[in-house]
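K.L.:
This is a predicted model, with the sequence first.
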Amino acid sequence: MPIRVNLPPTFRDRLAQADRTLVGMWVSSGNALNAEICAGSGLDWLLIDGEHSHNTLELILAQLQAVAAYPATPLVRVPECNTALIKQYLDIGAQNLLVPMVNTVADAEKAVAAVRYPPHGVRGVGSALARASRWNRVDDYLAAANGAVSLYVQIETAEAVQNAREIAAVDGVDGVFIGPSDLAASMGHLGEQGHPEVVDAVETTIRAMTELGVSVGVNAFAPDAARRYIELGVTFILVAADVSLLARASEALADTWLPSAGDAAERASY
């Protein structure tokens, strides 16, 4: 007789129960072992990135399986708001999705429809064949599925900032996540996430979501910026990435153990 399976709490559930900002990191390496190491770090959540990484469905599946034994909640970012692709992400068991480049109410409504079964959406019904329902080992999965998925949309353009209140009000959007990098680019400040105009747009959006009682997150690798956004009331935040941690740590290792450029030049002159 098969065992019955209870799905873990969604990210929406975790945020509702939290009494502080939930702190997480990106997993962009596409490596399940790295994801498992990060999941055991003590951080609250992980963002497995399918937009700016080489992650495929198979790699994301392996990472979801690797982190399932740990308390950290995985949120998975899809490459775009593509209904067919979102269906596949859901069917491999991604319960918490982040959809990038949501600029309008129509964009948000399309994302909501993609994660819900009819009559409330357009998600295709194939869960009996999929990890989402643990191959029908989750009792009454189809009836409970809409509540077992949480959806977050990314505010990362000047247009999205202007429409943020209306986007957040769309039924089925569980929260918004602010992306300062693309926001800066859309405002004419490419690579300047700390530009005063960009920071003001980020803070304006955070305040608006806080007033509405909507979960709001932000990406902030700079510690001072992260602390500032936490003080403003973000409910979740990303403060690092597996690939950047490895890059910076390996550079520090080289700086510690290899001769400096000046030392090498001095020896070469002997």
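P.N.:
On my side now, so go ahead. Numbering: from 1, shown residues only.

K.L.:
List the contacts of the residue nearest the centre of the chain.
P.N.:
Centroid check for the chain by C-alpha atoms, centre = their mean gives Leu47 as the closest residue, at 4.0 Å. Counting by C-beta atoms under 8 Å, 6 or more residues apart in numbering, Leu47 touches Gly24, Met25, Trp26, Val27, Pro74, Leu75, Val76, Arg77, Leu98, Leu238. In short, each C-beta sits where N, CA and C put it, glycine included.

K.L.:
per-residue confidence for the last one?
P.N.:
Put plainly, it is Leu238. Leu238 is assigned 98 on the pLDDT scale.

K.L.:
Tell me which residues of stretch 17-30 come out buried.
P.N.:
Thr21, Leu22, Val23, Gly24, Met25, Trp26, Val27, Ser28, Ser29, Gly30 (16 or more other C-beta atoms under 10 Å).

K.L.:
mind listing the helices in the stretch 151-270 of the chain by residue range?
P.N.:
158-162, 164-168, 180-186, 196-212, 223-232, 242-257, 261-268 (DSSP state H, counting those that start in this stretch).

K.L.:
Could you save those as JSON lines and add columns showing distance to Leu59, mean neighbour count and mean pLDDT?
P.N.:
Formatted as JSON lines, these follow (distance: least, C-beta to C-beta, whole Å; neighbours: other C-beta atoms under 10 Å; pLDDT from 0 to 100):
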{"stretch": "helix 158-162", "distance to Leu59": "28", "mean neighbour count": "19", "mean pLDDT": "98"}
{"stretch": "helix 164-168", "distance to Leu59": "30", "mean neighbour count": "20", "mean pLDDT": "98"}
{"stretch": "helix 180-186", "distance to Leu59": "23", "mean neighbour count": "21", "mean pLDDT": "97"}
{"stretch": "helix 196-212", "distance to Leu59": "31", "mean neighbour count": "17", "mean pLDDT": "98"}
{"stretch": "helix 223-232", "distance to Leu59": "28", "mean neighbour count": "15", "mean pLDDT": "97"}
{"stretch": "helix 242-257", "distance to Leu59": "13", "mean neighbour count": "11", "mean pLDDT": "96"}
{"stretch": "helix 261-268", "distance to Leu59": "38", "mean neighbour count": "9", "mean pLDDT": "54"}
